[in-house]
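Asks: sequence and computational prediction follow.
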Amino acid sequence: MFSYCSDPDTLGTFGWFSCYLSNGVHMSFYLSFVKVLLLLAITAPVALGFGFLGAMASRSRVLPLRWLGKGYIAIVRGVPDIAFFLFFVIALDQMFEWTRHQILCPDWTDPVRQGNDFLVCPQAKLPLGTSPEWMHETYGFFLAVITFALVFGAFAANVLFGAMRAVPRPQLETAEAYGMSHRQTFWRILVPQMWVYALPGLSNLWMVLIKATPLLFLLGVEDIVYWARELGGTKTSRFTSYPHGDWRMWYFLFLLVFYLGFTRISEIVLDRIMKRLTFGQATAGGEAQRKAAA
């Protein structure tokens, strides 16, 4: 905050807004954008990894693995996202604490589940009650990443499973005729070619993931939607020196511009990736590139 911000009542319009937008509370608002971008940067590859494993399991020749892969896809895709986010995070947190409780407090005699309460020894709490605030925020962010990755990994698994089936069967048969093993055919022929079929579905999934980031608020993470509602409201405990009217419309309008701009950048990047993947491929995109170059 600037030195002239000590007495907001003496400031003009420009000075008032410069102090208002540069105080510590707004810095937390700006930091929440970094949280959202970091969530996307971590969750996208982790979810893609879950999806790839789920797709591989779904087409496995081992029946239990195939059941596991298809069950993961069906269950997660069939449960509403908001219900999954509200239930799974609590269950995951309690599983971690229960495991630590069994290891760190073997002499504990009281039941862990007491009605609606879940009580473990103080040493098993995650994070510990004496931990600094940043550890609590990091732990909540870690749970959010796992939850997002599991949910969107199931959708990615369904997309990748369909892409694997879309690769022309004669190409796989040709690889087998040349003496390639099933594993070699999978990694050298199927996987490199499936991405061109998977990218449209994965692109849509990426857009849905961007739009789902406000669900961070449900997981206890102070995201951009939380701060927009908190800072834009008339009655707020965050500001005592800078009272204002109901500005939530302007804050949410700023979020609208942010999301639209980010999705537009994503569309440009994904379009370039698609052109790179379809180059030389026997697909409609590859054929269009050949005609344009002729």
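Replies: Received, thanks. Numbering: from 1, shown residues only.

Asks: okay, now F161: neighbour count?
Replies: Taking other C-beta atoms under 10 Å as the neighbour definition, F161 ends up with a count of 23. Every C-beta, even on glycine, is put in place using the N, C-alpha and C of the backbone.

Asks: same thing with the one 4 residues further on?
Replies: Burial of R165 is recorded as 13 neighbouring residues (other C-beta under 10 Å).

Asks: do you know how far it is from G54?
Replies: Using C-beta to C-beta, to the nearest Å, one gets 14 Å for the distance from R165 to G54.

Asks: just W206 next, same as before
Replies: With distances taken as C-beta to C-beta, W206 is found 17 Å from G54.

Asks: likewise for V89?
Replies: Counting by C-beta to C-beta, the gap from V89 to G54 is 20 Å.

Asks: just to revisit the earlier point, which of W206 and G54 has more residues huddled nearby?
Replies: Between W206 and G54, counted using other C-beta under 10 Å, G54 has the larger neighbour count: 25 against 21.

Asks: which one is the more buried one nearest to, not counting chain neighbours?
Replies: Distances taken as C-beta to C-beta, 6 or more residues apart in numbering put A157 closest to G54, at 3.0 Å, once the chain neighbours are dropped.

Asks: wait, L68 touches M56, no?
Replies: No. The criterion here is C-beta atoms under 8 Å, and L68 misses it with M56 at 10.8 Å.

Asks: chain neighbours aside, what residue packs nearest to Q94?
Replies: Distances taken as C-beta to C-beta, 6+ apart place F118 nearest to Q94, at 5.4 Å, with adjacent residues excluded.

Asks: can you pull the contacts of the one you found?
Replies: Applying C-beta atoms under 8 Å, 6 or more residues apart in numbering to F118 gives the contacts 94, 97, 112.

Asks: ditto for V76
Replies: With C-beta under 8 Å, 6+ apart, V76 has these contacts: 84, 150-151, 153-155.

Asks: any idea which of these has the most stuff around it?
Replies: The most crowded member of the contacts of V76 is G153, carrying 26 neighbours; neighbours defined as other C-beta under 10 Å.

Asks: of the contacts of V76, which belong to helices?
Replies: Applying DSSP state H to those, the entries found in helices are 84, 150-151, 153-155.

Asks: reformat these as a markdown table; add pLDDT and distance to Y139.
Replies: As requested, these are arranged in a markdown table below (pLDDT from 0 to 100; distance: C-beta to C-beta, whole Å):
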| residue | pLDDT | distance to Y139 |
| --- | --- | --- |
| F84 | 78 | 19 |
| L150 | 89 | 17 |
| V151 | 89 | 19 |
| G153 | 92 | 21 |
| A154 | 92 | 24 |
| F155 | 93 | 26 |
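
Asks: wait, which of those is closest to E267?
Replies: Taking C-beta to C-beta as the measure, E267 lies nearest F155 of those, at 18.9 Å.

Asks: how much space separates the closest one from L218?
Replies: With distances defined as C-beta to C-beta, the gap from F155 to L218 amounts to 19 Å.

Asks: which non-adjacent residue is nearest I189?
Replies: Taking C-beta to C-beta, 6+ apart, and ignoring the residues beside it in sequence, I189 has A175 as its nearest neighbour in space, at 4.6 Å.

Asks: neighbours around that neighbour, how many?
Replies: For A175, the count of nearby residues is 18 (other C-beta under 10 Å).

Asks: quick one: end-to-end length of stretch 186-194, please.
Replies: Distance between the boundary residues of stretch 186-194 (C-alpha to C-alpha, to the nearest Å) amounts to 10 Å.

Asks: about what we covered before: please name the bridge partners of the residue nearest to Q94.
Replies: In this structure, F118 has beta-bridge partners R113, where bridges are defined by DSSP bridges.

Asks: oh, and call the first residue 29 from now on, that's how I've got it
Replies: From this message on, residue numbering opens at 29, which makes the last subject F146.
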